[in-house]
Each structure stands twice: as C-alpha cells, then as structure tokens.
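J.: Need coordinates for the following:
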Amino acid sequence: MLAPGVQLVGEMPDTAFVDRQWLIQRNGQFIQLSELLYRVVEQMDGRRTPDEIAEGVTDATRWLVTGDQVEQLIASKLAPLGVVAGMGADDGAQARSAPPSGLSPLAVGMRAKVVGPRVIEPVTRVLQYFFAPPVLVAVLLAAAGLHYWLYRERGFLAAFVDALYTPGVLLILLGVVLVSAVFHELGHASGLRYGGGHARAMGAGFYAVFPVFFTDATDSYRLGRWARVRTGLGGVYFHLIFAMAVMGVALATGQEYLLLAVLLIDLEIIHQFIPFMRLDGYWVLADLTGIPDFFSQTGPFLRSFIPTHAAPGQRLPALRWWAKGVFFAYLMLTVPVLAFLLFLLITRLPRIVTVFWDALLTHVEIVRDAAGNGDLLALVTSLTQIVILTLPLLGIAYLLFTLTWKPLKAAWRQPVLEYRLAGVVTIAGAIVLLGVYWAPRSPFAARTPPAGVKTYAVKSNAHVKGPVSYPQSPPVGGPHDPLWQNCGFYDAPLRNENAVHALEHGAVWITYRPGLPDDQLRSLRSLAERESRVLISPYPNLSSPVVLSAWGRQLKIGSVRDARLDRFLRAYINNRNIPEPGGPCTKGKAKAR
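T.: All right, here's what the predicted structure looks like:
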C-alpha cells in the first residue's frame, strides 16, 4: 500500500520528454514517474497482491506485467522514493520535480515560511484578476508608456536633487523596495491562482549570499506550460504594477525622490532575468522548454548518456532532440559562468569581508554617537545599515557551509574506508589551504589594507630645494625638501615638500577640510597624541572631508569615524615598500602642537 502522505496527481502536461511523465505527491513534494511506475502505484490500495496489481496494469496499459516484475519495480524503484508503506526511503534516489529546498548553494537556504495558504488565498483571489487578458494588456501598455515618459522625458535629475535635501531618503527607498519585493511574490502566487494552482507558502531565506523572499509555487508543476510561464512572469508583472503606483504617488505628492525607487525596481526586474541562477528568468526558460529544473536534473541528464555500469544512479527519461540541445547549450553557458563566479568569490572573499566589516564598524561608531547626541534619524539609519551589512555576511558564511558540507557528507558515506579517508582528507586539506590563503588578507590580519585605497607610482624621492609640483593633492610622494616635517597635530596647513619627506620615513599624513566638526577635530588630536607617526593638518580645497596619504597610497573618507582610518594606519605606517621605513619623525621642521 502507499505510504501516508502520498497522493496521485496525474500526467505532467507539456514536457520535453519523449515518453509521458506522471506525478505523485509525497508530503507535499512532487515526484516524477514513468507511466509504468505510475500505473503500478495506482493499483496499490493495500488489498491487491502483486499478481493482482500486475493484472490491473496489464489491462490498463500496453505492457504485459507479471507479479514478480511488480515486486521488482516496488523494491528497486518505488521503495527508494519513499512511496511504499513500511519500506524505507532514500532521498538521494528521488526524481523531484519541485524546486529543491535542501542544503545546496543553488537553492534558497535557511528558508522560513512566514505566511501560509490561509493568508495567501484571500489576497490572491482578488489579485488574480490582474491576469485577465483585458486587464493584462491595459496594464502592460500603461507600464510601457509611463516608463517611456520617465526615462525619455522626465529623467531622474530632479529625483536625485530632491533626495539630497530630504532627510531619511535611504530608509524610505529601502522600505519601498522591500514592499515591492513582497508584491513581486504576490504576483507569482496570483498568477498561479489564475491558472488553477495554489501557493503553499511565502517566506524568506538566503539565496547565494543575499536575503530573498520566496513563494512556494510547487503546485504549478501539474499545470500546463503557459500557466507555468504565467506564474514565473507574475512577479515581474506585479513589479511593473508597483512601479506605476510609485510613479503616481511621487507625482501626486511632489516627492520626486520616490522616482529613484522606480529605477531600483527596474534594475531588479533586469536582475530577475539572469538565467544562470534560480531567478524568474531561469524558471521561465525551464517552463518554456518543458524541462522541470535544469540544476536538479543535470546529474541524471548526464548519466543518461553513460552506460549504467560506469555511472550508476538516477537517470533522466529520454528528452526530445531539441530539448537535449537546449539542455547542453544551457550547461555549456552556465557551468563556466558559475565556476568563474565561484572563483571570484574564493579569491576576493577576504576583500569583500573586509569592506563589509569596516563599514559595519563605522556604523557602530555612528550609532554610539547618535545615541549620545539624541539624533534619532542617524540612529535608525545606521541601525538599518548594520542589519543590511550583517545579512550578506551571514549569507556568505552559509554559502561556504553549503559548499563544504555536501562533499564532506558524501565522502564520509563512502562504503570503502580508504575512499572515505581519502575524501575527508582531500576536503579538509582544501579547507586548510583556503584558510592559509585567506588569513593574511582577512580584516583581522594586522596589515590588511582597507577598501578604496588608490595606488600611485612614485618615480623619484630626490631631495630638492624649492617648490615641487605634485600630481596629487595632497601629494603621496616624489621629490621633496631635505628637511622632514615633525609628526603631530597642526591647525595650519603644512608645506607639501616637508610633509612628503615625512611620508618617505613611514609616516601617514591625515589632511582634513577646514571647517571639520569640532568633535572630529578632537578625535584627530587624540589620535596624534597616541600615535607617534602621523601628521595631521588642514588642507585647503580638499576634495573629501578627510584624506589619508602614505607613500604611494591615498584614501578619501567622509569622517574620522570611518573604520578604514585605523586600518590605513596599521597597513601603511612604516610599510616595507617605502624608501626609508623607520626614518625619524622628530627633530625636523617645526614643532608639533
């Protein structure tokens, strides 16, 4: 008999398979079967014997089946799928048609279902009418006309200017974009409802390294091709509706900066059509071709071209010739792209983490100051940015876990001890090598430079008399006066030629724009008292509030609270690449005050 929670669904419509495929559900998860297996399952009512099941299958199909063959099909095919009562399931043998939700770098991880059908159904019952053909055509024409007007006639200059003078714009735009993302998911659920399906849940999780919303539209697998395509495009369609609503609010209220939210929504729409990840464009391509899911079917697809004894395991049913070509072409394009992205992530991860970590520390300092000064807007804004910065760091950690856990688990399950040890040692060795590569480049290493530092080639460090014309302002090296500037805090501009000589000796020159707030000046004075190898002085016509200069290096920051200031000092004070590291920073020109 069938296991509890197993339901018959019926034939899969509009697929790319040569032979018809059939669906059953097990605890809400679709399982794809051949017609023969489906007919066997149909006959399993808990009363029929294998011989009676065989007789029923023979009468209903073109196959002649015996009781022994039924027993073999149940033991070798159906039992591993967990659809037979009292017989264990091997999840690895399942031919799942639904989007995977397990531990995989290409699936939504750490999924948390927020709302279920009880909440979704009443909403989608109303919103589904947006997919009625007259409404759909009218909305698309209106969206096209409004976007043409916005990009061709209106533009975003006024919106940017308005944003510069409106407090809290970042929080407002963030809120609008988040609400649009929720509305996007309602588009998937409403499109599914219009086609006769039902969304099971909506929630949030991590995809790659970013937090995302998701809609469980698994029910679309029992619908026809165009109903599935409608479900896949429903999110983008609702994004367009939301963008039009935002335009209307912006024009009605005169809040021009809201048009920037339309720009962000349009960029997200473009992003959704990237076909190399499980975004809307990926699912639309899968639905158009009739291949349930490229990523989860890649292994079975490739094994179907290899003899069984050479590659045991689940195999994909035969595809039509054009579908094979599409699948091959997709893999040839996608695998190199994903491999390259993974390479970039591995090689640049320390720099990425450093950027996020520095920004996180910067906003922690801003939160402390805002709490002390009672600046509620700055407090809320920085707390929001702390959350935004923390989530990708958690996503990166989760992605690394998924990339290592599955191979490690597979190696540990090897039946031969030698293979098990070899696999575990190989994976552990790879992790150790990555750790050795990452460690000196991590934000916790002593001399990891901050993000945003510009490097300049300094061709001369000759001593000269008289003024020097430097290509940078402030200068970062070059010919300089024979007498160096004493390190310390100055409240008047310094002579470039003397300050550059101090840079040659391993000092860092911190220049600030005249008129810097008093609290930041006090912080700079304290820095000069505790750090003996810094020059701190005002600099006229400075392009940024604060500029950090070392020999051949420069970084522009907006505030002394920026965590990159301390990292710049650690990285470039007495750096080994300077001409005279450890040279004197006293007994030179002037006396620091």
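
J.: all contacts plus neighbour counts: C-alpha atoms, from now on.
T.: Noted.

J.: Can you give me the buried ones in the helix or strand where His147 lies?
T.: Using DSSP states H and E, His147 falls within helix 133-148. Using 16 or more other Cα atoms under 10 Å as the test for burial, helix 133-148 gives 139, 143, 146-147.

J.: following the longest helix seen in the chain, which helix or strand comes up?
T.: Counting by DSSP state H, the longest helix found in the chain is helix 321-373. Going down the chain from helix 321-373, the next helix or strand is helix 376-412, by DSSP H and E.

J.: got the angle for the following helix or strand past that following helix vs helix 376-412?
T.: As assigned by DSSP H and E, the chain's next helix or strand after helix 376-412 is helix 417-438. Interaxial angle, helix 417-438 versus helix 376-412 (axes from the mean of the first three to the mean of the last three Cα atoms, to 10 degrees): 150 degrees.

J.: Which secondary structure elements does helix 417-438 sit against?
T.: helix 376-412 (3 or more Cα pairs under 8 Å, 6 or more residues apart in numbering; DSSP states H and E).

J.: could you give the angle of the longest helix of the chain to helix 376-412?
T.: Computed by the same axes, to 10 degrees, the angle between helix 321-373 and helix 376-412 is 140 degrees.

J.: Helix 321-373 - what's its average pLDDT?
T.: Summarised as a single mean, pLDDT over helix 321-373 is 88.

J.: Please apply the same query to stretch 209-221.
T.: Rounded mean pLDDT across stretch 209-221 is 89.

J.: export it as CSV, just CAs?
T.: The C-alpha coordinates for stretch 209-221 follow below in CSV (Å, rounded to 0.1, in the frame of the first residue of the first chain):
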residue,chain,number,x,y,z
VAL,A,209,24.8,35.3,-0.2
PHE,A,210,21.7,37.6,-0.2
PRO,A,211,18.5,37.5,1.7
VAL,A,212,15.4,36.9,-0.5
PHE,A,213,11.7,36.4,-0.4
PHE,A,214,10.2,33.3,-2.0
THR,A,215,6.9,31.8,-2.9
ASP,A,216,6.3,28.1,-2.9
ALA,A,217,4.7,27.6,-6.3
THR,A,218,5.4,23.9,-6.5
ASP,A,219,1.7,23.3,-7.4
SER,A,220,2.5,24.8,-10.9
TYR,A,221,4.1,21.5,-12.0
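
J.: residues touching Pro579, list them.
T.: Taking Cα atoms under 8 Å, 6 or more residues apart in numbering, we find Pro579 in contact with 461, 504-505.

J.: list the buried ones in stretch 454-461?
T.: Those would be Asn461, for stretch 454-461 by 16+ other Cα under 10 Å.

J.: then it to CSV, C-alphas only?
T.: Output of stretch 454-461 as CSV, limited to C-alpha atoms (Å, rounded to 0.1, in the frame of the first residue of the first chain):
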residue,chain,number,x,y,z
LYS,A,454,44.4,54.2,-4.6
THR,A,455,47.9,53.3,-5.5
TYR,A,456,50.2,55.7,-7.3
ALA,A,457,53.6,55.1,-8.9
VAL,A,458,56.2,57.4,-7.3
LYS,A,459,59.2,57.6,-9.6
SER,A,460,61.6,59.8,-7.5
ASN,A,461,62.4,60.5,-3.9
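
J.: Show me the contact partners of that stretch.
T.: By Cα under 8 Å, 6+ apart, stretch 454-461 touches 476-480, 504, 551-555, 579.

J.: what's the offset of it from the middle of its chain?
T.: Here stretch 454-461 is found 37 Å from its chain centre; the criterion is Cα atoms, centre = their mean, to the nearest Å.

J.: quick one: average pLDDT of that stretch?
T.: Mean predicted lDDT for stretch 454-461 stands at 90.

J.: ok, then the element right after the helix or strand hosting Ala54?
T.: Using DSSP H and E, Ala54 sits in helix 50-60. Downstream of helix 50-60, the next assigned helix or strand under DSSP H and E is helix 67-73.
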